[in-house]
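Chemist: No letters, just coordinates:
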Ligand SMILES: NC(=O)c1ccc[n+]([C@@H]2O[C@H](COP(=O)([O-])OP(=O)(O)OC[C@H]3O[C@@H](n4cnc5c(N)ncnc54)[C@H](O)[C@@H]3O)[C@@H](O)[C@H]2O)c1
Ligand SMILES: CC(C)[C@H](C(=O)O)[C@@H](O)C(=O)O
Ligand SMILES: [Mg+2]
């Protein structure tokens with residue numbers, strides 16, 4: 001039976017990078033007889049322009065009925081001034097909520113071939129292998145908000161953060177299970193010296209950890225964690241944290257690998273899961289054909305691994321990416337003299353030729 005992959009390119013470089021990942025998926029599908037079917041749907045600013053909403057019901061329903069979703073990115077300056085509830089970013093938030101994607105996995109592994117591109121010294125960054133487990137459908141992102149009100153004579157806005165015990169339990173359980181398959185260490189990141197939600201997070205995490213005596217649990221404040229990621233990233237195995245902290249820390253951690261264009265992610269829910277690079281729509285390079293497609297290609301590998309349980313095909317993609325890098329192909333975000341300058345198409349061809 002065929003497996004349906006819903007592809008949502010979105011805006012900016014979204015089309016270019018999802019085209020690359022779909023080409024790679026088609027090649028492994030042929031090689032391993034996976035029988036993948038692809039169906040493309042609009043979202044983000046592109047969908048807003050087409051039908052007045054960033055997440056058309058048809059896109060959400062197609063995603064809900066798919067075996068897995070491959071997402072590009074949404075957003076861009078063109079839509080910066082649209083009504084807040086219709087911003088392109090609402091598409092990705094709506095998909096996360098609509099699919100119940102509570103666990104966002106952002107693996108940060110520094111490929112040996114790319115160690116020299118890190119802004120950090122080689123001896124600090126070498127061997128970095130962190131999995132950020134970010135809670136994705138709660139916290140301040142989804143709390144009540146007010147865009148504007150007059151309070152004591154001044155205009156103000158507010159966003160409320162709330163977390164419930166079951167929400168924290170669910171994501172910390174996920175992190176513990178992930179750590180069991182890795183190095184048995186979980187670092188829970190919060191701001192419990194200031195925030196009530198963080199204090200609940202820390203109490204709840206400690207309770208969950210009692211069930212996992214084999215796992216070492218460490219708690220860090222988010223500001224310290226941000227610093228530790230740059231001074232000693234290899235101290236981390238699994239980091240579990242809330243929605244906002246996870247967003248910020250994962251962009252920070254992404255540069256350890258040399259470029260945000262390298263980092264894939266999986267957003268896991270109870271049924272259909274979604275896969276996307278952690279970067280955005282990169283409006284500054286959109287349409288130039290020079291975006292690094294590897295984060296999206298590696299997200300496609302995660303799709304095969306987590307949604308379709310096609311481990312061999314997933315490994316095949318990951319190895320093809322490593323080979324293309326070892327052969328010297330570099331998109332401009334990672335280019336240095338002595339390497340082969342590759343645009344998006346050339347890099348994609350390089351990966352395809354190693355499959
Ligand atoms: N999941 C998503 O859809 C998502 C994620 C993050 C940001 N965004 C949106 O994207 C838009 C732009 O945001 P931003 O500029 O803060 O972040 P961004 O990640 O789009 O870009 C930051 C920088 O990284 C570069 N970059 C990003 N991806 C790259 C790639 N694959 N190859 C080479 N270089 C790459 C960009 O050129 C830019 O210089 C905003 O509208 C934002 O809301 C969307
Ligand atoms: C576009 C935006 C809503 C999104 C987020 O904040 O979660 C992005 O930054 C990400 O990291 O996926
Ligand atoms: Mg982000």
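Modeler: Arrived safely, thanks for sending. Since the structure is predicted, the reported quantities are computational estimates derived from the model, not experimental observations. Numbering: from 1, shown residues only. Ligands and ions are numbered 1, 2, ... in the order given.

Chemist: Now whichever residue of the stretch 151-300 of the chain sits closest to ligand 1: closest residue in space that isn't a chain neighbour?
Modeler: Per C-beta to the nearest ligand atom, the residue of the stretch 151-300 of the chain with the smallest distance to ligand 1 is residue 280, at 2.4 Å. In this view, the C-beta of every residue, glycine as well, is placed from N, C-alpha and C. Nearest residue to residue 280 in three dimensions, chain neighbours excluded: residue 73, at 4.9 Å (C-beta to C-beta, 6 or more residues apart in numbering).

Chemist: Check the contact between the one you found and residue 14; I expect there is one.
Modeler: Yes: if you go by C-beta atoms under 8 Å, residue 73 and residue 14 touch, sitting 4.8 Å apart.

Chemist: Next, show the common contact partners of the two.
Modeler: Listed as contacting both residue 73 and residue 14 by C-beta atoms under 8 Å, 6 or more residues apart in numbering are 44, 281.

Chemist: Around ligand 2, which positions in this protein sit nearby?
Modeler: For the chain, the residues found near ligand 2 under the criterion C-beta under 6 Å from any ligand atom are 75, 89, 92-93, 247, 278.

Chemist: which ones among the residues you listed come in contact with ligand 1?
Modeler: Restricting the residues of the chain next to ligand 2 to those near ligand 1 by C-beta under 6 Å from any ligand atom leaves 75, 89, 92.

Chemist: can I see the domain layout of the protein?
Modeler: What the record gives for the chain is the domain set 1-106+260-355, 119-257, from automatic domain parsing.

Chemist: Highest mean neighbour count out of those domains?
Modeler: Most buried of the domains of the chain by mean neighbour count (mean count of other C-beta atoms under 10 Å) is domain 1-106+260-355; its value is a mean of 20.

Chemist: quick one: average confidence on it?
Modeler: What domain 1-106+260-355 shows for mean pLDDT is 97.

Chemist: And the residue of the stretch 1-150 of the chain found nearest ligand 1, how far from residue 45?
Modeler: Relative to ligand 1, the nearest point of the stretch 1-150 of the chain is residue 75 (2.2 Å; C-beta to the nearest ligand atom). Going from residue 75 to residue 45 by C-beta to C-beta, to the nearest Å gives 7 Å.

Chemist: Mutual contacts of these two, please.
Modeler: By C-beta under 8 Å, 6+ apart, the residues touching both residue 75 and residue 45 are 11, 88.

Chemist: where do the strands sit along the stretch 201-350 of the chain?
Modeler: Assigned by DSSP state E, counting those that start in this stretch, the stretch 201-350 of the chain shows strands spanning 216-221, 238-241, 264-268, 274-277, 329-330, 340-341.

Chemist: Is residue 334 in contact with residue 114, as I believe?
Modeler: Yes: contact criterion C-beta under 8 Å: residue 334 and residue 114 qualify, at 6.9 Å.

Chemist: overlap in contacts of these two?
Modeler: Residues touching both residue 334 and residue 114 (C-beta under 8 Å, 6+ apart): 258, 262.

Chemist: can you give me the helices for the stretch 251-355 of the chain?
Modeler: Remark: helices assigned in the stretch 251-355 of the chain by DSSP state H, counting those that start in this stretch are 294-306, 311-326, 344-353.

Chemist: Please produce CSV containing those helices, extended by distance to ligand 1.
Modeler: Listed next are the helices of the stretch 251-355 of the chain as CSV, based on distance: least, C-beta to the nearest ligand atom, whole Å:
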stretch, distance to ligand 1
helix 294-306, 6
helix 311-326, 13
helix 344-353, 8
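
Chemist: Turn the ones you listed into a markdown table, including distance to residue 260.
Modeler: A markdown table is the format used below for the helices of the stretch 251-355 of the chain (distance: least, C-beta to C-beta, whole Å):
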| stretch | distance to residue 260 |
| --- | --- |
| helix 294-306 | 7 |
| helix 311-326 | 16 |
| helix 344-353 | 15 |
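
Chemist: ok so, going back, please name the nearest non-neighbouring residue to the residue of the stretch 1-150 of the chain closest to ligand 1.
Modeler: Among residues not flanking residue 75 along the chain, residue 88 sits closest, at 4.5 Å (C-beta to C-beta, 6+ apart).

Chemist: Pull the contacting residues for that neighbour.
Modeler: In this structure, residue 88 makes contact with 10-11, 43-46, 48, 54, 74-76, 79, 82, 281, judged by C-beta under 8 Å, 6+ apart.

Chemist: Okay, and which of those residues map to helices?
Modeler: Of the positions in the contacts of residue 88, 45-46, 48 sit in helices, assigned by DSSP state H.

Chemist: Much appreciated, bye for now.
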